[in-house]
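Chemist: Can you look at this prediction? I've put the sequence above it.
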Amino acid sequence: MQGVFQLPKFAVVVWVRKTANYQATHDEILELAVQEPYESTEYQGMVDFHWGFDQMAGFPNGWEACAVRSAVMPDSLGQIS
């Protein structure tokens, strides 16, 4: 019998639209993350990645850069007005 899965105390979830540039975006995200996500799903043209950490200090450097970059990537997120 397996133990009950517990959600991490701190989490990062990234959603990416699956476009022609998806593979490059995917590779860049995984490079920033340093570790593999504990979960990833695809639904209606979007892919999400989930990472968990016991402490906020566990977040890899670069997540801020990833968040800022995603805000200016119309190809990944749709048109930005």
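Modeler: Received the coordinates, thanks.
Chemist: any chance you could map the strands in the protein?
Modeler: Ranges of strands within the chain are 10-17, 39-43, 46-53, based on DSSP state E.
Chemist: Kindly reformat the ones you listed as CSV containing mean pLDDT.
Modeler: Compiled in CSV, the strands of the chain are given as follows (pLDDT from 0 to 100):
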stretch, mean pLDDT
strand 10-17, 84
strand 39-43, 93
strand 46-53, 88
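Chemist: how about these, which one is nearest Leu32?
Modeler: Nearest to Leu32 among those is strand 10-17 (9.3 Å), distances taken as C-beta to C-beta. All C-beta atoms are positioned from the backbone trio N, CA, C, and that covers glycine.
Chemist: Report the inter-axis angle for that closest one versus strand 46-53.
Modeler: Strand 10-17 and strand 46-53 are oriented at 170 degrees to each other (axes from the mean of the first three to the mean of the last three C-alpha atoms, to 10 degrees).
Chemist: I'd like to know which elements strand 10-17 is packed against.
Modeler: helix 22-33, strand 46-53, helix 63-71, helix 74-77 (3 or more C-beta pairs under 8 Å, 6 or more residues apart in numbering; DSSP states H and E).
Chemist: of the strands of the chain, which approaches Leu30 most closely?
Modeler: strand 46-53 (8.0 Å).
Chemist: Run me through the strand neighbours of that closest one, direction for each.
Modeler: strand 10-17 (antiparallel), strand 39-43 (antiparallel) (DSSP bridges).
Chemist: I'd like those strands laid out as TSV, including mean neighbour count and distance to Gln55.
Modeler: Formatted as TSV, these follow (neighbours: other C-beta atoms under 10 Å; distance: least, C-beta to C-beta, whole Å):
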stretch	mean neighbour count	distance to Gln55
strand 10-17	16	7
strand 39-43	11	20
